[in-house]
Structures are given as structure tokens and as C-alpha cells.
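In: Below is the sequence, then the predicted model.
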Amino acid sequence: MKTFHNPHHAAHAGQQEMFRGRMVPCHEVPARLDFVLAELQRRPLGALHTPEVGDAALDAAIGRVHSARYVDFLRGAWAEWVAMDPANAQRDALPSVWPLPNRHGFRNDVLPFNFAARLGLFSFDSGSPLTAGTWTAARGGAACALAAAQDVVAGARSAFALSRPPGHHAGPDFLGGYCFLNNAAIAAQALRDAGHAKVAVLDVDYHHGNGTQTIFYERADVFTVSIHGDPSTEYPFFLGHADERGADAGEGFNLNLPLPRGTGFDTWRATLATALQAVSDAGATALVVPMGLDTFEGDPISGFTLKSADYFAVGEALAGAGLPTVFTFEGGYAVDAVGTNAVNLLEGFQQAAA
Ligand SMILES: [Zn+2]
């Protein structure tokens, strides 16, 4: 299994996020990727590459899942932020005002001129600081996702996009949850565009993949399934319930499998079997796995109790789907353990797929 890692990832390094009423150091830090890369050097699964995709192809792939006005905003956001006040160069941009989407409530169709208002329009939380290097890093992560999809299209059984910042909370028109560009969705769309008639996305991060769900919610050609902490108590709170099954042409092509905080591996594993049966029933010919490792018992912001050794079995089960598979790197905030857990999962997959 080749790994495509993002050489620009450390350009995105937020200083602080709003967490329970105070500013705290960011949970999503560059060391996360570095630990995974170090573990892959210690226990190689295949060649390590930086992605080589053309600018035009990458822009097109991003534009297939994100709106033009959102991409334009992200690309120019830092320059606008600093133009407001040169002192902003030392501070991250965080939103503080949002348009609630209630009917007859605030409008989101009119693009405000005010930067702070636009930052709120295109985001859903204050945990995702926008920094000088955010666009460069996010774009580099998307390149990893595209390169991994291309590798699978070329015949590889699997490929790993070691793409930081993560992506599965980013929607067509919004950032949030430490995510800016939806790497898993970019990979899934690239697989579709390369001829896979139906692609499945199976999200195993602790948190619901709300961005991915939103991107594909009205489509039958990408089946989205997510195993996650019950949103009635867990982030991202406002999406991820079991009764969200897709809409219009996508009716029946979204499956949410929420589990209560505190769930252990036996129940989680049985739920994974349910998800994999649904992937099989959907008739997908390729699989994308947004790979979050924040289901780990030691994760500081999550609530399942998987142990490091359990991730081998997760990888083995995913291999059992028998599909060409792209992994994208998502959450996992027990930084010391994230490399071990990620490589355990991928090694379990690779050994079972051999
Ligand atoms: Zn997560």
C-alpha cells in the first residue's frame, strides 16, 4: 500500500480553539501526522510518496465537491484577514457570528462584504482556526486524496492519503471540525469520475462525517455510511442521527449508525459488520474509508474504548469487503498513540487483503 503524505501539512498550525468557554491549545496539531509518518517508516507498508498531481487537475477535483464561492473564500481568506489589520498576522482567524439556517431566518445566499461575516457564513464552529498556511496545507491534503484515488484507479488494491488537516466535517460550502477540504469526498468523486459506477464511503471516525453526508445526501451514486458517537451528546451534534437516510435521488443511500458514548469494541465491531453488509448490498465497486483513530480509549475529546490491538481487526474487517480502497487520515487526538493505531489498522487491512 502506497502512502501519499502532505509535505505542506505543517503550514496549518492553529494556536487556539474555543473549547467549553475558553481558548485552549488546538487538539489538531502537526505532530499527529508526524507520528503516523514515523510509524510508517518504522513498520513500512509500502512506498512513501508526496502527491504529484497537476494544479489544474487538483483544482478541478476540489471543485467537484466544493462550491466556487467557498473555494474562492478559502484561497483568499488569510490575505483579507491581514488586510483588515496588520496585527492580525500574529493571530488566527476564528468566526464569532453565524447565520442560523432557520426558514425565514438569516440568509446565506447573499455574500456579505464583511470578512468576519463571511468567515461565519462558511463555517459552523469556532474550533477550526484559519491560519497563514491553512489553504496551502488543505490543498496539499486534497492532493494526497486525489493521488491515492488515482493509484487505486490504476490498479492498486489500496492507497493511504495521509492528509492533514482532516476533511470529513467540511461540506460543499463550509469548514468546521478542524476540516477545510473534504479529502474523502474528493477521493470518492475522483473514483466516480474514473468510471466506478458506485462508490461507498465508510466513515469510522468517532465523530459523524457530516460534511461527507451533506455533499452526497441527494445522490445515489455514492453510498455514505458512518459509525460514530450519538450526536445527541457528541460533536457535531446537529447531524448524524439514524433517521437521516438520504433525500431525493439519494433516498436510502445514507446510513448512520450512532452508538452511545462509552461503547466498547465488541459492539463497535458488530456495528462495523452491519456497515460492511450495507456497503455490499449497495453494490459499490470501490470504497473510501475516512480513517479516524479517535475511537481509541485514550482519546482526549472522544468517548469509545477501542484499544490499540483492536485496530488490526478493524483493518481485517475492512479488507473483507474485497473492494479497492482509499484511506484518508481524519481524527485521532491521543497524539502519542495515533501513529501506532493508524498503522495497526492499515497493516491489518494489508495482511488480510494479501
Ligand atoms: Zn473525529
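Out: Cool, the structure landed.
In: Could you use CA atoms for every contact and neighbour count after this?
Out: Noted.
In: Just the pLDDT at Arg219, thanks.
Out: In this prediction, Arg219 carries a pLDDT score of 98.
In: need the contact list for it.
Out: 246-251, 253 (CA atoms under 8 Å, 6 or more residues apart in numbering).
In: what do you get for Ala273?
Out: Counted by CA under 8 Å, 6+ apart, Ala273 has contacts Ala317.
In: same thing but 10 Å
Out: Ala273 is in contact with 267, 279, 314, 317-318, 320-321, counting by CA atoms under 10 Å, 6 or more residues apart in numbering.
In: Please list the outside residues in contact with the helix-or-strand element of the chain with minimal mean pLDDT.
Out: Least confident helix or strand, the chain: strand 16-19 with a mean of 89, by mean pLDDT, DSSP states H and E. Contacts to strand 16-19, defined as CA under 10 Å, 6+ apart, come from residues 22-28, 91-92, 94, 125-129, 178.
In: ok, so of these, who is nearest the ion?
Out: The closest of the contacts of strand 16-19 to the ion turns out to be Tyr178 (CA to the ion; 9.2 Å).
In: If we ignore the residues flanking it in sequence, what's nearest the closest one?
Out: Ser128 (4.5 Å; CA to CA, 6 or more residues apart in numbering).
In: pretty sure that neighbour contacts Cys179?
Out: Yes - between Ser128 and Cys179 there is a contact under CA atoms under 10 Å: 7.1 Å.
In: Taking the stretch 101-250 of the chain, what residue is nearest to the ion?
Out: With CA to the ion, the shortest gap between the stretch 101-250 of the chain and the ion falls at His207, namely 4.3 Å.
In: Can you give me the pLDDT of that residue?
Out: 98.
In: Test my guess that it contacts His168.
Out: Yes - with contact defined as CA under 10 Å, His207 counts as touching His168 (9.1 Å).
In: Identify the contacts common to these two.
Out: In contact with both His207 and His168: 177, 292, 330-331, using CA under 10 Å, 6+ apart.
In: Got a ChimeraX select line for the buried ones in the contacts of Arg219?
Out: Restricted to buried positions by 16 or more other CA atoms under 10 Å, the ChimeraX selection for these reads:
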select :246,250,253
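In: Make a markdown table out of the contacts of Arg219 and add secondary structure, distance to the ion and pLDDT.
Out: Output for the contacts of Arg219, formatted as a markdown table (DSSP: H, G, I helix; E, B strand; the rest coil; distance: CA to the ion, whole Å; pLDDT from 0 to 100):
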| residue | secondary structure | distance to the ion | pLDDT |
| --- | --- | --- | --- |
| Gly246 | coil | 22 | 98 |
| Ala247 | coil | 25 | 98 |
| Asp248 | helix | 28 | 98 |
| Ala249 | helix | 28 | 98 |
| Gly250 | helix | 25 | 98 |
| Glu251 | coil | 26 | 98 |
| Phe253 | coil | 22 | 98 |
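In: in the least confident helix or strand of the chain, what counts as buried?
Out: 16-18.
In: ok, so of those, who is nearest the ion?
Out: Glu17 (15.3 Å).
In: what's across from the closest one in the sheet?
Out: Val24 (DSSP bridges).
In: what does this protein put close to the ion?
Out: Within the chain, the positions adjacent to the ion are 205-207, 331 by CA under 5 Å from the ion.
In: Including distance to Ala194, secondary structure and neighbour count, could these go into CSV?
Out: Formatted as CSV, the residues of the chain next to the ion follow (distance: CA to CA, whole Å; DSSP: H, G, I helix; E, B strand; the rest coil; neighbours: other CA atoms under 10 Å):
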residue, distance to Ala194, secondary structure, neighbour count
Asp205, 26, coil, 25
Tyr206, 30, coil, 30
His207, 29, coil, 29
Gly331, 28, coil, 30
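In: Show me the shaky parts of the chain.
Out: For the chain, applying pLDDT under 70 flags no range at all.
In: in this structure, which spans are strands?
Out: 2-5, 16-19, 22-25, 48-49, 158-162, 199-203, 222-229, 254-259, 286-291, 325-329 (DSSP state E).
In: Gly46 and the ion: what is the separation?
Out: 26 Å (CA to the ion, to the nearest Å).
In: list the contacts for that residue?
Out: 1-3, 40, 159-160, 350.
In: so which of these is the most crowded?
Out: Phe160 (29 neighbours; other CA atoms under 10 Å).
In: distance of that one from Leu45?
Out: 10 Å (CA to CA, to the nearest Å).
In: do Ala284 as well
Out: Distance from Ala284 to Leu45, by CA to CA: 25 Å.
In: Comparing those two, which residue is more hemmed in?
Out: A direct count of neighbours by other CA under 10 Å for Ala284 and Leu45 places Ala284 higher, at 20 against 17.
In: Report the contact partners of that one.
Out: Ala284 neighbours (CA under 10 Å, 6+ apart): 196-201, 221-223, 278, 321, 323.
In: mind checking how far it is from Ala184?
Out: Ala284 is 15 Å from Ala184, by CA to CA.
In: do the same with Met23
Out: 29 Å.
In: quick one, which of the two is more surrounded?
Out: Taking other CA under 10 Å, Met23 and Ala184 do not tie; Ala184 has more neighbours (34 against 13).
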